[in-house]
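Engineer: need the 3D shape of this:
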Amino acid sequence: MSGVHKVYIVILCLIVAFTFFYISNLGYSYYKTGIEERFFHPNNTILKPSGSWGHGFGIIGSFSMLLGVGLYIARKRMRSLSRAGILKHWLEFHIFLCTLGPVLVMFHTSFKIGGLVAISFWSMVAVFLSGIIGRFIYIQIPRTIEGRELSLTEIRDLQSGISETLKKNYNIDLPYDNSISLQKVKMLIKDKNLTKSENKQVLKLVRSEISLNKRIGRLMLMQNLFRYWHVAHLPFAIVMLIIMIIHVTVTIVFGYRWIL
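Structural biologist: Residues are numbered from 1 along each chain as shown. Just a heads-up that it's a prediction; the model follows:
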């Protein structure tokens, strides 16, 4: 991960964290007030679900989720966008928008959840939590820098390339199994009279070799889990979307308007 990429990830995380803590601090006294007593709270007119802020949270949160899903699907499915940036960066932006969205929707409800909206809300929570699990599974599967999933053959080729580099440049022959450990390698290179820089490079290559060995062992499992994960993630997302559309339609029909 490059320095620019790390900064990009940190900025996205900070935006979500800042949004959560800012709104929490702003409405703390209101949100901790009982449902029956909120009508008399001075912030009720702005923080209630139909208030200027509360309504805005719902609109912006829903738009964030729709945008996050729409952009990512478009990037994956539309050939014209196949070269528009690296897929994993789009995935990270998708995760950002689909994390920011639920945070805002949660404040939109002012923690008063019931009726049909409750199904959408808990579906949203399920989508969010399954998204975290999906992200974990996703990063366990070796990929190219563009985000394309590597085949077992390609991973074996990478492993072979590392082993050949170690053998050719440092005369270190490593086995193709999980018996490799940094401790063993450190003992092995003691008698090689390598410079500090060479030692560092060897250990870096060995760490890559160990990582590839572990990923090869988990590859089939993670690929299967990722397929099953889609089965769970997609239905919750569809339910959430359908009820969200119904909810928005009902609010418009009953004359609820935001600041516009």
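Engineer: spatially central residue in this protein, please.
Structural biologist: Centroid-nearest residue in the chain: Ile95, 4.1 Å away (criterion: Cα atoms, centre = their mean).
Engineer: what about Cys130, how many neighbours?
Structural biologist: No Cys there; residue 130 is Ser. 17 (other Cβ atoms under 10 Å). Glycine gets a C-beta too; all of them are placed from N, C-alpha and C.
Engineer: apart from its chain neighbours, what residue comes closest to it?
Structural biologist: Spatial nearest neighbour of Ser130, chain neighbours left out: His233 (4.6 Å); criterion: Cβ to Cβ, 6 or more residues apart in numbering.
Engineer: next up, the contacts around that neighbour.
Structural biologist: Shown here is His233, whose contacts under the criterion Cβ atoms under 8 Å, 6 or more residues apart in numbering are Val127, Ser130, Gly131, Gly134.
Engineer: okay, now the unreliable bits of the chain?
Structural biologist: Flagging of the chain using pLDDT under 70 yields the residue ranges 1-3, 114-117, 141-161, 170-194, 217-219, 230, 255-260.
Engineer: what's the closest of the contacts of His233 to Met240?
Structural biologist: Checking the contacts of His233 against Met240 with Cβ to Cβ, the nearest one is Val127 at 5.8 Å.
Engineer: what sits against that closest one?
Structural biologist: Shown in contact with Val127 (Cβ under 8 Å, 6+ apart): Cys98, His233, Phe236, Ala237, Met240.
Engineer: rebuild those residues as a markdown table, extending it with secondary structure and distance to Ile246.
Structural biologist: Supplementary listing: the contacts of Val127 in a markdown table, determined by DSSP: H, G, I helix; E, B strand; the rest coil; distance: Cβ to Cβ, whole Å:
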| residue | secondary structure | distance to Ile246 |
| --- | --- | --- |
| Cys98 | helix | 20 |
| His233 | helix | 21 |
| Phe236 | helix | 16 |
| Ala237 | helix | 15 |
| Met240 | helix | 11 |
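Engineer: out of those residues, who's the most crowded?
Structural biologist: Using other Cβ under 10 Å as the neighbour criterion, Met240 leads the contacts of Val127 with 24 neighbours.
Engineer: need the nearest residue in space to that one, chain neighbours excluded.
Structural biologist: Using Cβ to Cβ, 6+ apart and skipping residues adjacent in sequence, the residue nearest Met240 is Ser123, 3.9 Å away.
Engineer: which ones are touching the one you found?
Structural biologist: Contacts of Ser123 (Cβ under 8 Å, 6+ apart): Phe236, Ala237, Val239, Met240, Ile243.
Engineer: contact partners for the fourth one?
Structural biologist: Going back to what we said before, that points to Met240. When contacts are counted by Cβ under 8 Å, 6+ apart, Met240 touches Ser120, Ser123, Met124, Val127.
Engineer: nearest to His5 among these?
Structural biologist: Of all the contacts of Met240, the one sitting nearest His5 is Val127; the distance, using Cβ to Cβ, is 25.5 Å.
Engineer: can you tell me the element that closest one falls in?
Structural biologist: Under the criterion DSSP states H and E, the helix or strand holding Val127 is helix 115-140.
Engineer: list the buried residues in that helix.
Structural biologist: Judged by neighbour count (16 or more other Cβ atoms under 10 Å), helix 115-140 contains these buried residues: 117, 120-121, 123-124, 126-128, 130-131, 134, 137-138, 140.
Engineer: so can I have TSV of the contacts of Ser123 showing distance to Ser211?
Structural biologist: Listed next are the contacts of Ser123 as TSV, based on distance: Cβ to Cβ, whole Å:
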residue	distance to Ser211
Phe236	32
Ala237	32
Val239	38
Met240	36
Ile243	42
